[in-house]
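1. 3D model of this:
(chains A and B)
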Amino acid sequence: MKSLKWTWAAAAAVALTVSGCGNNNNNEPAASSSDASGASQSASATASGSASASAALPEPAKIRIFTENNTAWPPKPDWGVWKWVKEETNIDVEQVLATGPESLALAVSSGDMPDVLSVFPNDVQKFGSQGAFEDLSKHLDQMPNVKAFLDSHPDVMSRVVSPNGEIYSIINDGAGEGSQMVWFYRDDIFKKNNLEVPKTWDELYTVAKKLKEIYPDSYPFLFRHGLSTLDTFGPSFDIYPEFYQDPADPTKMKFGLEDPNAKTMVEWLNKFVKEKLIPPDWLTMDYKAWTQFMSTNKAFVTVQFIGQIEIMNSQLTDGHLQFMAPPIGAGDKPYLPKGGQEGYGLAVASTSKNMDAAFRYLDYIFSEKGKDIQSWGKEGETYTVVDGKRKFNDNYKEANDLRVISGIQTAATYGWFDFNAWLSLVKPEEQYAYVEAPKYRFPVAYSRPNLTADEAAALSTSNDQLWKFWTGEVTKFINGDRPLTEWDAFIKELGKHDLEKVRTTYQTALDRQLANTK
Amino acid sequence: MKQSVFYRIKRNKVYLLLLLPTLLYYLLFHYVPMFGIVVSFMDYNLFKGVWHSPWVGLKHYRMFLSNPDAWLIVRNTLLLGLYKFIFAFPAPIALAVLFYEMRWKKFRRFVQSVSYLPYFLSSVVLSSVMIMLLSPSTGWINKAIQSLGYEPINFLQRPEWFRTIYIASDIWQMTGYGTIIFLAALAAIDPQLYEAARMDGANRWKQTVHVTIPGIIPAIVIMFIMSISGIINIPFDKAFLIGNAGNMDTADIITTYVYRIGILGGGMSYATAINLSLGLVTMLLVYLTNAASRKVGETSLW
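-> Residues are numbered from 1 along each chain as shown, chains lettered A, B, ... in the order given. Reported below is the predicted structural model:
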């Protein structure tokens, strides 16, 4: 019995060694074949680059990267993105996965932070000023490509510079197009019933009424992000719900709910709920329920991430979804939120012992070459060039396969993304949405200026108080639990929940930001 | 006669060794973390840690007391705990007595096992089951309500339903498992007492009132004192999972608030200050209940 166990162990060890060698062997020909094909094709720049790189690769190094753990594209250590990093920079990457919103706080307080961390701007505000992240502005000479990237992207620059001039993270760019929220509708159902695509909320209401008559057990208008969907509806009423830079006077912070248009928006939603054109559990709808409604002819107009159009269309056996221009609720222009920006950025741990390697990594992914490789992979390995155009291999069937198979366009694997790589896998008939959506962008993004550590600390309870109050009350208005005649009273009550304190603080921050960028 | 401590340790070393793992567990996971409460007196910096963060005295306690939301959150927590105590505490006692009275042993064992099962569901699973069941558009419960000709009820978006849902699901989940301790107490009752009661002409109901219930009073008192601490210490997960903007008026309790401010907002000191004050109140409550029960009866925790 015992000897049997040992035999198994030995066999496993042999298998592991062999497969390990196999991988190495695979790498070699792939690299050399790209060199060979480089002579013949347009990718000569990349090839000569890798040839010179392999001639003079820097010292081997190893870094740990803290990043998301997404069940839709489970992270794998043998993803192509990490292999290419190794080939280009001689850095081995080990992923450390976040398991929840508290993971980063735990990583910071553990005293053993991974070297590079995927972070959201509010994380940076929380931990950057506490000294957890290295101030990258001091190391820009070491990262010429990062410097060039920031110089050519002033919008990213303004979002990453802290009030005192430090740069605690660099926000990714280029892939934001894939995560914007858009409107879409069932064009087959509309055509079948001779219905016009609504251009205003008024028309949306009329069409929804008609659809409800034809399909009595349906809820024609559906959304699944609860109250956060107001961030998407808002722009079609010329507002965002909370604080943002006023497009009419960009030197002022504006609280959207105070605008009369906010009341119009809430009135519409209330009407939709009352007449059962929106499901009564709109606040608690989850992705599964949403899919069920959409795929069983129980909802026809919706608001969702742009990529969902293609995913749903591939699931719908009978029926078709199409991008819809946002209906105008107030004002005269149909607006979507200003999308295209990304949320994730990358920070370097101030305690890192591999800081040079971390900088080398950042500099690589923000370089032109890094952008190209981390978005497209390598010729011969992930794509071939056909008639001067790149074509991904056949095992990438839809855009999301890039993430699943190779880790392309997942957090922390790129700095500056070439969205054409993603688009090339979106079916031609589904590309319409990506072309149309940017035409409807609201003039300002839904973001707030960076606060100092003291300001942020002073606001933490006030922000919570204000948020809790307005979300609760607006829900009541929408559900009809509080009559809309009390809207003005509600606006006055906001004052009791620290509205002015929050406004003054953000105004100060905005003034400072404007002064700094002048 | 008096033995030295050293001698006693030496003599009982095997038992002490057996105790060691438990002792270590409590030290490491219950006493050492208590040191963390010092952060409620400092402006804690997550990165610098306890040793280098500046002391600020009672700043965070004052901040909580001056927060207009504080009263609401404390009230929500106390009410939820109190209702839970009133409705959920007697449930396992009643069920245990019913089980005890049940004469058909096979059936009794089956029902008992079934009643334990919900205890083993995690709150995440339980909450999503509830969200599914209670949905006004697709949930079975609302389908049933509609088939009777009534309007569907938006259970999870209304503050007035939150406590009912919370406590009802708690009873469903915990009661069966909670009977175990009372069944053990019941098994210890001397059968001769029943015989004597029957001789005196007591029927089944009288036997229950005069023999069964008094027989498990000590267990009830101990459980009572222990569950007093539950009035304030309400677990975080379920309230967090079924809470939303619609029922926030009743669903926002201390633990969910502490999570939002402390973990998500990074205000560790503030969150710790709140938690510590409540810990102290809980301790006081348990102490008072214990003292009262010692005065009234013979049973008490210590």
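2. part of a strand, is residue A:183?
-> Yes: Residue A:183: assigned to a strand according to DSSP: H, G, I helix; E, B strand; the rest coil.
3. And stretch A:148-165, what's buried?
-> Across stretch A:148-165, burial judged by 16 or more other CB atoms under 10 Å in any protein chain shown covers A:149-150, A:153, A:156-157, A:159-163. Every residue, glycine included, has its C-beta placed from N, CA and C.
4. Could you do stretch A:92-107 as well?
-> Per 16+ other CB under 10 Å, stretch A:92-107 contains these buried residues: A:93, A:95-96, A:98, A:104-105, A:107.
5. What of stretch A:241-256?
-> A:241-246, A:253-256.
6. With stretch B:282-302 instead?
-> For stretch B:282-302, by 16+ other CB under 10 Å, it's B:282, B:286, B:289-290, B:293, B:299-300.
7. before we move on, what about stretch B:50-62?
-> For stretch B:50-62, the neighbour count (16+ other CB under 10 Å) marks B:53, B:59-61 as buried.
8. Also near chain A: which of these, exactly?
-> Counting by CB under 8 Å from any CB of the partner chain, nothing from the buried residues of stretch B:50-62 sits close to chain A.
9. Columns secondary structure and pLDDT on top of those, output as CSV?
-> What follows is these, written out as CSV (DSSP: H, G, I helix; E, B strand; the rest coil; pLDDT from 0 to 100):
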residue, secondary structure, pLDDT
B:53, coil, 84
B:59, helix, 88
B:60, helix, 88
B:61, helix, 89
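10. ok, residue A:449 - how many residues close by?
-> Number of residues near residue A:449 (other CB atoms under 10 Å in any protein chain shown) recorded here: 23.
11. what does residue B:189 give?
-> Neighbour count of residue B:189, defined by other CB under 10 Å: 15.
12. Helix, strand or coil: sort out it for me.
-> coil.
13. overlap between the buried residues of stretch A:92-107 and the residues near chain B?
-> Among those, the residues that sit close to chain B (CB under 8 Å from any CB) are residue A:105.
14. Out of the buried residues of stretch A:92-107, which sit inside strands?
-> Secondary structure of these is defined by DSSP state E; positions in strands are A:93, A:95-96.
15. interface residues of chain A facing chain B?
-> So chain A meets chain B at A:101-102, A:105, A:108-109, A:111, A:126-127, A:130-132, A:219, A:226-227, A:279-281, A:283-284, A:286, A:289, A:292, A:350, A:457, A:460-461, A:463-465, A:468, A:471-472, A:474-476, A:479, A:481, A:496-497 (CB under 8 Å from any CB).
16. Filter these down to the buried ones.
-> Using 16+ other CB under 10 Å as the threshold, A:105, A:108-109, A:126-127, A:130-132, A:219, A:226-227, A:279-281, A:283-284, A:289, A:350, A:457, A:460-461, A:463-465, A:468, A:471-472, A:474-476, A:479, A:497 are the buried ones among these.
17. For residue B:151, which three-state class applies?
-> Three-state call for residue B:151 (three-state DSSP): coil.
18. Would you mind pulling up the elements that the helix or strand where residue B:179 lies packs against?
-> Here residue B:179, judged by DSSP states H and E, is contained in helix B:159-187. Using 3 or more CB pairs under 8 Å, 6 or more residues apart in numbering or on different chains; DSSP states H and E, the elements in contact with helix B:159-187 are helix B:68-83, helix B:90-101, helix B:105-116, helix B:123-134, helix B:213-228, helix B:236-242, helix B:248-251.
19. could these go into TSV alongside distance to residue A:298?
-> Formatted as TSV, the helices and strands packed on helix B:159-187 follow (distance: least, CB to CB, whole Å):
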stretch	distance to residue A:298
helix B:68-83	35
helix B:90-101	39
helix B:105-116	36
helix B:123-134	16
helix B:213-228	45
helix B:236-242	24
helix B:248-251	28
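20. follow-up on the earlier one: let's see which of the residues of chain A next to chain B end up in strands.
-> Going by DSSP E, the strands hold none of these.
21. In helices, which of the residues you listed fall?
-> Using DSSP state H, the subset of those located in helices is A:105, A:108-109, A:289, A:292, A:457, A:460-461, A:463-465, A:468, A:471-472, A:474-476, A:479.
22. quick one, the helix holding residue B:179 and helix B:123-134 angle?
-> 120 degrees (axes from the mean of the first three to the mean of the last three CA atoms, to 10 degrees).
23. List the buried residues in helix B:159-187.
-> Neighbour-count burial for helix B:159-187, counted by 16+ other CB under 10 Å, picks out B:159, B:161-163, B:165-167, B:169-176, B:178-179, B:181-183, B:185-186.
24. what element comes up after it heading to the C-terminus?
-> helix B:191-199.
25. quick one: that following helix to chain centroid distance?
-> Distance of helix B:191-199 from the chain centroid (CA atoms, centre = their mean, to the nearest Å) equals 36 Å.
26. Need the mean per-residue confidence for that helix.
-> Averaging pLDDT along helix B:191-199 gives 91.
27. repeat for stretch A:300-308
-> 92.
28. which residues touch it?
-> A:177-186, A:189-190, A:198, A:204, A:207-208, A:211, A:218, A:220-225, A:229, A:232-233, A:290, A:294, A:323-324, A:399-400, A:433-434, A:437 (CB atoms under 8 Å, 6 or more residues apart in numbering or on different chains).
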